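**Q** Sequence first, predicted model second:
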Amino acid sequence: MSSRTENASGDNAPADSQDRLVIWALALAQLVSWGSVYYSFSLLVVPMEQTMGWSRTATNAALSVGLLVSGFAAYPIGRWIDHGLGRRVMAVGSVIASAMLLLWADAQSLTALFVAWIGLGISMAGTFYDPVFAVVTHRYPRSFRTKITLITLVAGFASTVFIPLTQFLVGSVGWRTSLVVLAALNLIICLPIHVLAIRSSRADPGSRPTNGAVKLANDAATRRALRSPVFWALAVCFTAYYATFAALTFHLVPLMVERGVSNVVLVTTMALIGPAQVAARAVWFTFGRTVHVSTVGIIVVTLFPLSTVVLISAGHTAVMLWLFALCYGAANGMMTILRGTIVQDLMWTEGYGAVSGMLSFPSNVAKGIAPIAAASIWSFTHGYVAVEWTVFLISIVSAIAFFVAVRVSRHAATSVA
């Protein structure tokens, strides 16, 4: 990939300062996007059900549909970003997010809720980690790892900031007005950042002569990925992981309520997840350059099942629940960086947006199915015990698949050498 997308030398202070500002701005936009759309749901679902009389399965079905739509949209959006449309994609995604949150705020029927989440699915595919990772990978091909880590460090506070904020808003002004506030944040913060901070390659005259060649190379890279056993092993790993993550994320609050956990312990447990994510990412940022990404990955895929065991054993004991939150948050914090960098390390960087989109498709489908599947298991068994054990078993599948991906990649590298 051409080096035109980065500074030619390390002594270009104004350019370096501008790059830092861009990354910090994109990180802030990620924090708001994740916090306002993804993490707010678990705190809005209970008062929404109480007001509207909707069932837990129905409300989680709307969320699931949104996540499914996000999965279907991931590949074309990744391909558009590969072709230089990152600014347009992410700016439109922020507008859609705001509009759909407003529609949700005014929802009087399940149909309106489902329509809102279909739109939010499109916005998630265009504004969450995958698109910004693709933008950063293409713009900074020699330093994307450090910049992706920094973005995830800041965005890791999304749950810490937005869970208490959303709970405060719901308690103060109700769930409908809370959604109006969250919609406004997307327009006021995310939209200007995506318009101003992301540079379209189509606006760069130096890229035009090679635009067709870049498209051909990216398309060839995606076809090559489909023939790679490493790609399929990673697909299984991420699909299994994000299924378990989605199931826990959207049912953790109801799970603790069912156990009789006090409100203070519940809020503290949820609030600890964000700092644990950030702390784990900070450790990676500090020491990651001396440790191969696959080694860190092994730690990540081992830590998540361990956190599930802690949750199963915790009951309503505060210390155990907080230990779970720390392990769970640390695993997810590092998984986000792993997801953004392992493809480039075990495979290649060409066509990263499209390849990442193909990996996201089954992952997002699993995210879509997992919450409603967990709700169905809860309804059938009249409790969350079966849900917890299901999460544990699927997390073991994720770990095994990652080990396979690393082993196959190393074997292929040895064979070439």
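**A** Structure received. Numbering: from 1, shown residues only.
**Q** So what's the gap between the helix or strand Val95 falls within and the chain middle?
**A** Assigned by DSSP states H and E, Val95 belongs to helix 86-105. Here the centre of helix 86-105 is set off from its chain's centre by 17 Å, with Cα atoms, centre = their mean, to the nearest Å.
**Q** Tell me which helix or strand comes right after it.
**A** helix 110-127.
**Q** now the angle from that next one to helix 86-105?
**A** 160 degrees (axes from the mean of the first three to the mean of the last three Cα atoms, to 10 degrees).
**Q** Tell me the pLDDT of the residue sitting nearest the centre point of the chain.
**A** For the chain, the residue nearest the mean C-alpha position is Tyr129 (5.2 Å; Cα atoms, centre = their mean). If you check Tyr129, the pLDDT there is 89.
**Q** Contact partners for it?
**A** Gln30, Thr152, Ala155, Thr336, Arg339, Gly340 (Cβ atoms under 8 Å, 6 or more residues apart in numbering). Using the backbone N, CA and C atoms, a C-beta is placed for each residue, glycine as well.
**Q** Can you pull the phi/psi pair for the closest residue to the second one other than its chain neighbours?
**A** Spelled out, it's Thr152. Excluding its sequence neighbours, the residue lying closest to Thr152 (Cβ to Cβ, 6 or more residues apart in numbering) is Thr336, at 4.8 Å. Note on Thr336: its backbone torsions stand at phi -60, psi -40 [degrees, to the nearest 10].
**Q** which stretches of the chain aren't confidently modelled?
**A** Where the chain drops to pLDDT under 70, the residues are 1-15, 200-219, 221, 288-289, 347-351, 411-417.
**Q** which residue ranges form the strands in it?
**A** With DSSP state E as the definition, the chain shows no strands.
**Q** Send me the helix holding Val95 as PDB with only the CA atoms.
**A** Output in PDB follows, covering the C-alpha atoms of helix 86-105 (Å, rounded to 0.1, in the frame of the first residue of the first chain):
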ATOM      1  CA  GLY A  86     -15.200   6.200   4.800                       C
ATOM      2  CA  ARG A  87     -16.200   9.800   5.600                       C
ATOM      3  CA  ARG A  88     -19.500   9.500   3.700                       C
ATOM      4  CA  VAL A  89     -20.300   6.100   5.300                       C
ATOM      5  CA  MET A  90     -19.600   7.200   8.900                       C
ATOM      6  CA  ALA A  91     -21.300  10.600   8.600                       C
ATOM      7  CA  VAL A  92     -24.500   9.100   7.200                       C
ATOM      8  CA  GLY A  93     -24.300   6.400   9.900                       C
ATOM      9  CA  SER A  94     -24.400   9.100  12.600                       C
ATOM     10  CA  VAL A  95     -27.400  10.800  10.900                       C
ATOM     11  CA  ILE A  96     -29.300   7.400  10.700                       C
ATOM     12  CA  ALA A  97     -28.500   6.700  14.400                       C
ATOM     13  CA  SER A  98     -29.900  10.000  15.500                       C
ATOM     14  CA  ALA A  99     -33.100   9.600  13.400                       C
ATOM     15  CA  MET A 100     -33.700   6.000  14.600                       C
ATOM     16  CA  LEU A 101     -33.200   6.900  18.300                       C
ATOM     17  CA  LEU A 102     -35.900   9.600  17.800                       C
ATOM     18  CA  LEU A 103     -38.200   7.100  16.100                       C
ATOM     19  CA  TRP A 104     -37.600   4.700  19.100                       C
ATOM     20  CA  ALA A 105     -38.400   7.600  21.500                       C
END
